[in-house]
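A.B. asks: Quick check, what structure comes out for this input:
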Amino acid sequence: MSADNADADPPDSALAAHPETAYFWGHVAGAGELSDSCVTVETGDEAVADRLAAIAGGERTGHRVTEREYAHDTSVTRREDAYTVQVFGDLAGRAAAAFGLPVEGEAGGYRLDPLAVHDRQLLRGVVESCGTVCFKSSSGTVGLSVVHEDRALLDAVGSLLDGAPVDAPYGEPAEASSGYYFSVEDDAVPELGAWLYEGSEESGLFAPSRRRKLRRSLEQAESVDATLAVEP
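C.D. replies: Numbering: from 1, shown residues only. As a prediction, this is how the structure comes out:
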């Protein structure tokens, strides 16, 4: 497994296996789309938008505010920023051939194995782009789910979790308002979350808002554990 403190300079080719490109394509797989002449990806974090643009030689082309339903409770919505990054040219077609990413709504094969040597960064990009994290006050645990309209992507993410150096069991995909989702078992989230963001400060390959939310949720869970431990 590759460490986050590997060479942080992006490679000459956006298709090369590298921590930066793995992180980029993780975001594209989770919240992007490919056309014949453009790769488009959205992120809720401005810092990430700038980083993704720099990695692939793209540019920020838009900013809007959206309302998004929670996967498990569609009656609740949250307002989010959405920054659009686009890379114009033939990269989309080459990425579709190299990684099996869907083009203009067609079915994707998600052949992400060439990037899996940097599985930590790849999974971090996916989780930041189409993952949900929440503190469950009823159980004092942290939930982590991956939500996407294409079930084939969930299968690919499951394979990456199976090969990760931490134990991260997860459930079968189920239908959600925006497609499908699966959840990592709550007991595995602390170790998985720590592994996902290990070394991220040095590399800069992370969304500050998403990392902050995960850490805050884990701290809440730890506080509940500590309280239970001292109760008679």
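A.B. asks: so where is the chain shaky, pLDDT-wise?
C.D. replies: Along the chain, segments meeting pLDDT under 70 span 1-11, 68-76, 225-232.
A.B. asks: Which residue ranges of it form helices?
C.D. replies: Under the criterion DSSP state H, helices of the chain are mapped to 19-31, 46-56, 91-99, 119-130, 151-163, 189-197, 200-203, 208-230.
A.B. asks: buried residues in the shortest one?
C.D. replies: So the one you mean is helix 200-203. For helix 200-203, a neighbour-count test (16 or more other Cβ atoms under 10 Å) marks Ser200, Ser203 as buried. For the C-beta atoms, the positions are set from N, CA and C on the backbone; glycine is no exception.
A.B. asks: same deal with the second one?
C.D. replies: For helix 46-56, the buried set under the neighbour-count rule, 16+ other Cβ under 10 Å, comprises Val48, Ala49, Arg51, Leu52, Ala53, Ile55, Ala56.
A.B. asks: Isn't the fifth one up against Glu46?
C.D. replies: Read that as Ala53. No - when contacts are counted by Cβ atoms under 8 Å, Ala53 is not listed as touching Glu46 (10.9 Å).
A.B. asks: and the nearest residue to Pro102 once chain neighbours are set aside, how many residues sit next to it?
C.D. replies: Excluding the flanking residues, the one nearest Pro102 by Cβ to Cβ, 6 or more residues apart in numbering is Gly108, at 3.3 Å. Neighbours of Gly108 under the rule other Cβ atoms under 10 Å: 18.
A.B. asks: Next, give phi and psi for Gly108.
C.D. replies: Here is the backbone geometry of Gly108 (degrees, to the nearest 10): phi -110, psi 150.
A.B. asks: Touching, it and Leu153? I think so.
C.D. replies: Yes - using Cβ under 8 Å, Gly108 makes contact with Leu153 at a distance of 7.1 Å.
A.B. asks: re the thing from before, list the contacts of the residue nearest to Pro102.
C.D. replies: Going by Cβ atoms under 8 Å, 6 or more residues apart in numbering, Gly108 touches Gly100, Leu101, Pro102, Asp150, Ala152, Leu153.
A.B. asks: which residues sit in contact with the second one?
C.D. replies: By Cβ under 8 Å, 6+ apart, the residues touching Leu101 are Trp25, Val28, Ala29, Gly32, Leu34, Ala95, Gly108, Tyr110.
A.B. asks: any idea which of those residues is closest to Glu80?
C.D. replies: Gly32 (16.1 Å; Cβ to Cβ).
A.B. asks: That closest one and Tyr170, how far apart?
C.D. replies: Shown here: Gly32 relative to Tyr170, a distance of 23 Å by Cβ to Cβ, to the nearest Å.
A.B. asks: Comparing the two, which residue is more hemmed in?
C.D. replies: Each of Gly32 and Tyr170 has its neighbours counted (other Cβ under 10 Å); Gly32 has more, 26 against 19.
A.B. asks: quick one: that one from Ser200, how far?
C.D. replies: For Gly32 relative to Ser200 (Cβ to Cβ), the value is 21 Å.
A.B. asks: Next: Arg51.
C.D. replies: 12 Å.
A.B. asks: likewise Arg212?
C.D. replies: Distance, Arg212 to Ser200, by Cβ to Cβ: 12 Å.
A.B. asks: what does Arg120 give?
C.D. replies: Per Cβ to Cβ, Arg120 is found 9 Å from Ser200.
A.B. asks: Nearest to Arg78, out of the helices of the chain?
C.D. replies: Evaluated with Cβ to Cβ, those place helix 208-230 nearest to Arg78, the distance being 11.3 Å.
A.B. asks: Can you pull out the residues in contact with that closest one?
C.D. replies: If you take Cβ under 8 Å, 6+ apart as the criterion, helix 208-230 is touched by 44-45, 47, 127-128, 131, 133-135, 140-142, 144, 189-190, 193, 196-197, 200.
A.B. asks: Understood, closing this out.
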